[in-house]
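> Below: sequence and its predicted model.
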Amino acid sequence: MIDSIWRIFTIGLLLGAPSVIATGPMLILIISETLRHGIRAGAKVACTPLLTDVPLVLSSRFIFTQILNMNILLGAISLFGSVFLLYLGIKNIRAANADITDFTAHSLRLTYILKN
């Protein structure tokens, strides 16, 4: 039991470490708050996800353990997801075949000159 917990912890650490290093909106917010209001305010902003993510993780764990044995519900969710992915794929194929009109400033100016 303890061995599997440490294995899971290590996998989570290895998968989560690159996202901590990567730049993004949260890192920019932490840096800006630290520069504006000091290191204490930056630390508060950096610790906020620890407080906000815990209820989300616990509630989703509770929900997923409850629906784990509901095969009909899981099948319906899977079916709905596959239909939605099919819809997105068809929409993407149609968008790839669409004609793209040139709306640059030069073409608009030329169109205006030709019409007048």
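The structure has been received and is ready for your questions.
> Quick one: the helices in this structure, in order.
Read by DSSP state H, the chain holds these helices, from start to end of the chain: 2-21, 25-37, 39-66, 71-96, 105-115.
> Tell me which of those helices sits most buried.
helix 25-37 (a mean of 13; mean count of other C-beta atoms under 10 Å). Yep, even glycine has a C-beta here, placed from its N, CA and C like the rest.
> Can you list the helices and strands that it packs against?
Helices and strands touching helix 25-37, by 3 or more C-beta pairs under 8 Å, 6 or more residues apart in numbering; DSSP states H and E, are helix 39-66.
> mean confidence for the helix it packs on?
Computed over helix 39-66, the mean pLDDT rounds to 89.
> Tell me who's in contact with Phe9.
Listed by C-beta atoms under 8 Å, 6 or more residues apart in numbering, Phe9 has no contact partners.
> pLDDT score assigned to it?
Phe9 is given a pLDDT of 83.
> repeat for Thr111
59.
> where's Leu79 relative to Leu85, distance?
Using C-beta to C-beta, to the nearest Å, Leu79 is found at 11 Å from Leu85.
> and what of Ala46?
36 Å.
> same thing with Ala43?
Taken as C-beta to C-beta, the span from Ala43 to Leu85 is 41 Å.
> and what of Ile39?
Taking C-beta to C-beta, one finds Ile39 at 45 Å from Leu85.
> now swap in Lys91 and tell me
Taking C-beta to C-beta, one finds Lys91 at 11 Å from Leu85.
> Model confidence score at Leu73, please.
Looking at Leu73, the pLDDT reads 87.
> just checking, it touches Ile67?
Yes: in this structure, Leu73 is within contact of Ile67 by C-beta atoms under 8 Å, at 5.5 Å.
> got a list of what Leu27 touches?
Leu27 touches nothing, counting by C-beta under 8 Å, 6+ apart.
> Please report how far it lies from Ile72.
43 Å.
> Quick check: the gap between Val83 and Ala76.
On the measure of C-beta to C-beta, Val83 and Ala76 end up 11 Å apart.
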